[in-house]
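1. Quick one: sequence plus predicted model below, questions after.
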Amino acid sequence: MPQAAGATRLRGAQGTLFGHDLGQQDVDTGYRGPTACRVAGISYRQLDYWARTGLVEPSIKPATGSGTHRLYSFRDILVLKVVKRLLDTGVSLQQIRTAVTHLRERGVDDLAQITLMSDGASVYECMSADEVVDLVQGGQGVFGIAVGRVWREIEGTLAEMPTESLADTMAPTAVTAAGDELAARRARRQAG
């Protein structure tokens with residue numbers, strides 16, 4: 001029978017959300033916030049709120065103050081897109097937090113096999129077609145999200161998007177005004 005996704009959130013556990021199923025992802029290359037928003041279909045305001053509240057935090061580089069850029073990994077963008085789809089189908093943000101926490105804690109090994117089902121009140125994790133059928137026949141499932149399909153969508157979309165390396169974001173920014181000493185000091189402080 002499918003498991004109801006429910007648990008308490010552990011901060012900083014996002015890196016284990018989908019285990020090692022992502023293959024050889026470059027841990028130093030990611031996507032800036034605007035790219036993550038475009039691919040996930042969310043506003044920058046949502047992205048910022050979800051990062052500040054810990055729902056989906058950028059795993060490559062978090063914001064460290066005003067003017068800094070977050071870098072999101074492929075995995076982060078996948079979670080953003082799944083969260084967006086759950087919201088679009090009427091699942092409450094509280095239930096989504098519970099489901100995301102459950103998946104993080106389970107350390108799912110084979111993401112492509114998961115279908116998230118919901119009846120609008122709870123989110124269920126189904127690992128097989130039989131579990132999906134059982135849930136629907138029991139009158140619980142109203143809609144489902146095949147996470148593997150979302151994964152493939154994102155792969156195709158991100159192939160056309162610009163990436164940024166962590167080293168590039170750590171380099172001091174160029175001073176735009178020749179005599180701007182304050183900006184030069186800030187750049188040196190951020191770099192070192």
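-> Received the coordinates, thanks. The model shown is predicted, which means the values in this text are computed figures rather than measured ones.
2. Surely G30 is in a strand?
-> Yes: checked against DSSP: H, G, I helix; E, B strand; the rest coil, G30 lies within a strand.
3. hang on, isn't it packed against T163?
-> Yes: contact criterion Cβ atoms under 8 Å: G30 and T163 qualify, at 6.8 Å. Using the backbone N, CA and C atoms, a C-beta is placed for each residue, glycine as well.
4. ok, A51 - how many residues close by?
-> Applying other Cβ atoms under 10 Å, we find 20 residues neighbouring A51.
5. who touches it in this structure?
-> E57, P58, P62, A63, R70 (Cβ atoms under 8 Å, 6 or more residues apart in numbering).
6. try 10 Å this time
-> G33, A36, E57, P58, P62, A63, R70, Y72, D76, L80 (Cβ atoms under 10 Å, 6 or more residues apart in numbering).
7. cool, and V150?
-> Contacts of V150 (Cβ under 10 Å, 6+ apart): A40, I77, L78, V79, K81, V82, K84, R85, L111, A112, L116.
8. which of the residues you listed count as buried?
-> A40, I77, L78, V79, K81, V82, K84, R85, L111, L116 (16 or more other Cβ atoms under 10 Å).
9. Helix, strand, or coil at the last one?
-> For L116, the secondary structure call by three-state DSSP comes out as strand.
10. Just the buried residues out of the contacts of A51, in ChimeraX syntax.
-> The ChimeraX selection below is limited to those of the contacts of A51 classed as buried (16+ other Cβ under 10 Å):
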select :33,36,57,58,63,70,72,76,80
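11. Could you single out the nearest of the contacts of A51 to V132?
-> L80 (23.7 Å; Cβ to Cβ).
12. Relative to Y72, how far out is the closest residue to the closest one other than its chain neighbours?
-> Of all residues beyond its chain neighbours, the one nearest L80 is A40 (3.7 Å), with distances taken as Cβ to Cβ, 6 or more residues apart in numbering. A40 sits 9 Å away from Y72, going by Cβ to Cβ, to the nearest Å.
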